[in-house]
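K.L.:
structure for the following, please:
(one chain, ligands or ions: 1)
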Amino acid sequence: MSITQETARRRTFAIISHPDAGKTTLTEKLLLFGGAIQTAGAVKSNKIKKSATSDFMEIEKQRGISVATSVMTFEYNNLKINILDTPGHKDFAEDTYRTLTAVDSVILVIDCVKGVEEQTERLMEVCRMRDTPVIIFINKLDREGRNPFDLLDELEEKLNIRVRPLTWPVNMGSDFKGVYSLIEQKLYFFKANKTKVEDDVLPIKLEEAVLDEKVGERDAAQLREDVELIEGVYDQFDRDAYLSGKLAPVFFGSAVNNFGVKELLDGFCQYSPEPIARQTDKREVKPEEKQFSGFVFKIHANLDPRHRDRIAFLRICSGVFERGKFYHHTRLDKNVRFSSPFSFMADSKSVLEEGFPGDVVGLYDTGTFKIGDTLTEGEDLQFQGIPSFSPEIFKELINLDPMKSKQLDKGIEQLTDEGVAQLFTLQPGNRKVVGTVGDLQFDVIQYRLEHEYGAKCRWVPMNYSKATWVTSDDPKKLAEFVRLKGNQIGYDKDQNPVFLAESEWMLRMNQQNNPDIQFHQTSEFK
Ligand code: G4P
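P.N.:
Prediction:
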């Protein structure tokens, strides 16, 4: 098959949700359809239990699980589908944001009882930044959920996206009877824990009397009324609007009962985009280009603390990736090759001979990669869209063992390369400040510094709650600002100045008082 054909049959996406909405359950059901796993229960939840802050074994277990399930690949309807896993815990949200840079679309899971939750909004903001196409799955219809029209309104309002239902529920909770496919004009009858998916589907026009027989007069009337309203209120589903991230098709179902999942998967296969072109600092790279290119979106430390090698996850953007071939590492301007790159299956890894656009390759790394690094066949490119976000919690790293300062430096350098947290250096004195989006990372870092690098540290909380990257068209004005702000200025790993603010209010004050300085919420402002 040609690159174009191989590309056309790939779908690379992530499932996102507020914790507990059903992401893990849905992932598992999708893998079951693809035959990638044989039994339910094979996909372990990557959730960290609430007690985990003090339970390091739990954190270690989580790391093990999240490597194993980082990328799950299966074949379905002649498509090669790659699901990129995202951590459920909100303290690891930044990891999720990065993973979202490597997908071409997402499925968003909503709990029909709870509607749009806090994490849902944040994740969707990230999708909006890149106009990622979104399909919405409203889950747990076997529970007494909210009115579906209200849910749709809430989605539009809070997530800032238009929606279009493609299936519609007949009741919910104990009286849940099934979903009607507005596209296929078929009624799917609900049965808890279905094993076979083909049974109980009825092609049916709404006006047919048999509908009343099947679901009762009251529900039949309600369904007719609902569908009339839908057709009246919502435009026809427009795939282009979906592909440009403006419109989200909505499916209803119950993941744990494997209900509505096949319709979702079929809809996904039909509508979701194949690997898309990606922007670099120089030009747009199209997947069908002959020359290989790709970028690292995630780095994971190996689980064996005696080895410091890590796994870098590379998303292929164009051309063919081949085992053993030399590629150009554009940041370091050097050539690198990989003798045993691997691909991910649901529960195993296997050596990969060649990979195509959309695929994710695991590369053993001994410290050459940072998140966002680009590999090419020689062209000097850097893929865009892999920003660092402003952290929210800041603590100074204090070395507890002066004999181990080298280990500490190396450890914190490598852990922050992995994207666990962000490192800022304050002058004078090279003080190290670590910024994260959640408190849990500090425990993880402290634990890993000790167990992987033999370095002991403690944390001193700092009063900052916002980091913004600062630039100016006038270098003199920037230098002046940096000088004036003194210890409120840190430097990120690329030596870019970052302004640390105590509060949103302080940040706004500084913005007002310094009109020549630009303040950026993410590191990607070039
Ligand atoms: P997450 O990855 O988004 O955090 O959610 P996960 O799939 O772990 O699901 C969270 C809980 O919701 C699980 O229950 C799961 O069984 C349940 N669930 C998922 N889909 C449905 C559904 O369609 N209907 C209902 N009623 N429940 C659903 P749990 O009690 O936390 O775990 P478990 O003991 O059932 O595994």
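
K.L.:
which residue is the nearest non-sequential neighbour of residue 357?
P.N.:
Among residues not flanking residue 357 along the chain, residue 287 sits closest, at 3.6 Å (Cβ to Cβ, 6 or more residues apart in numbering). Where C-beta positions appear, they are placed from N, C-alpha and C, glycine not excepted.

K.L.:
ok, the one you found - contacts?
P.N.:
3, 7, 274-277, 317-318, 357-358 (Cβ atoms under 8 Å, 6 or more residues apart in numbering).

K.L.:
ok, 6 Å please
P.N.:
Residue 287 sits next to 7, 275, 318, 357 when contact means Cβ atoms under 6 Å, 6 or more residues apart in numbering.

K.L.:
got the phi and psi for the second one?
P.N.:
Dihedral pair for residue 275: phi -50, psi 130, per degrees, to the nearest 10.

K.L.:
what is the burial count for it?
P.N.:
Look at residue 275: counted by other Cβ atoms under 10 Å, it has 25 neighbours.

K.L.:
test my guess that it contacts residue 357.
P.N.:
Yes: using Cβ atoms under 6 Å, residue 275 is in contact with residue 357, at 4.2 Å.

K.L.:
any shared contact partners between those two?
P.N.:
7, 287.

K.L.:
where does pLDDT dip in the stretch 1-150 of the chain?
P.N.:
Judged by pLDDT under 70, the stretch 1-150 of the chain has its weakly predicted residues at 36-69, 88-92.

K.L.:
need the residues of it near the ligand, please.
P.N.:
Counting by Cβ under 6 Å from any ligand atom, the positions of the stretch 1-150 of the chain adjacent to the ligand are 17, 19-25, 45, 47, 88, 139-140, 142-143.

K.L.:
8 Å instead?
P.N.:
Residues of the stretch 1-150 of the chain lying near the ligand by Cβ under 8 Å from any ligand atom: 17-28, 45-47, 88, 109, 111, 139-143.

K.L.:
which of the residues you listed fall in helices?
P.N.:
Among these, the members found in helices (DSSP state H) are 23-28.

K.L.:
buried subset of those?
P.N.:
Among those, the ones that count as buried by 16 or more other Cβ atoms under 10 Å are 23-28.

K.L.:
doesn't residue 9 make contact with residue 274?
P.N.:
No: in this structure, residue 274 is not within contact of residue 9 by Cβ under 6 Å, at 7.6 Å.

K.L.:
how near is residue 458 to residue 450?
P.N.:
11 Å (Cβ to Cβ, to the nearest Å).

K.L.:
ok so, going back, if you rank the contacts of residue 287 by neighbours, which is first?
P.N.:
When neighbours are counted by other Cβ under 10 Å, residue 357 leads the contacts of residue 287 with 32 neighbours.

K.L.:
need phi/psi at the spatially closest residue to residue 519 that is not a sequence neighbour.
P.N.:
Leaving out its chain neighbours, the residue that sits closest to residue 519 by Cβ to Cβ, 6+ apart is residue 468, at 4.2 Å. When read as degrees, to the nearest 10, the backbone of residue 468 gives phi -130, psi 140.

K.L.:
do a quick rundown of the strands in the stretch 1-150 of the chain.
P.N.:
Residue ranges of the strands in the stretch 1-150 of the chain, as given by DSSP state E, counting those that start in this stretch, are 10-17, 71-76, 79-84, 105-111, 134-139.

K.L.:
returning to what we had before: ok, the residue nearest to residue 519 - contacts?
P.N.:
So residue 468 contacts 499, 519-520 (Cβ under 6 Å, 6+ apart).

K.L.:
low-confidence ranges, the stretch 151-300 of the chain, go.
P.N.:
Within the stretch 151-300 of the chain, the stretches with pLDDT under 70 are 192-199.

K.L.:
try 50 this time
P.N.:
Counting by pLDDT under 50, the stretch 151-300 of the chain contains no low-confidence segment.

K.L.:
show me what from it comes close to the ligand.
P.N.:
253-257, 259.

K.L.:
could you identify the most distant pair in those?
P.N.:
253 and 256 (9.9 Å; Cβ to Cβ).

K.L.:
looking at the two, which one has more neighbours?
P.N.:
Comparing residue 253 with residue 256 by other Cβ under 10 Å, the one with more neighbours is residue 253, at 30 against 18.

K.L.:
for that one, which non-adjacent residue is closest in space?
P.N.:
Per Cβ to Cβ, 6+ apart, closest to residue 253 is residue 260, 1.9 Å.

K.L.:
list the contacts of stretch 111-119.
P.N.:
So stretch 111-119 is contacted by 18, 21, 90, 138-141, 143, 145-146, 151, 154, 158 (Cβ under 6 Å, 6+ apart).

K.L.:
make a ChimeraX selection of the buried ones in those.
P.N.:
The ChimeraX selection below is limited to those of those classed as buried (16+ other Cβ under 10 Å):
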select :18,21,138,139,140,141,145,151
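
K.L.:
let's have the contacts of stretch 111-119 in CSV, adding distance to residue 442.
P.N.:
Output for the contacts of stretch 111-119, formatted as CSV (distance: Cβ to Cβ, whole Å):
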residue, distance to residue 442
18, 23
21, 27
90, 15
138, 36
139, 33
140, 34
141, 40
143, 36
145, 37
146, 37
151, 37
154, 34
158, 31
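
K.L.:
list the buried residues in the helix or strand where residue 226 lies.
P.N.:
Using DSSP states H and E, residue 226 sits in helix 217-233. Neighbour-count burial for helix 217-233 flags 219-220, 223, 226-227, 230 (criterion: 16+ other Cβ under 10 Å).
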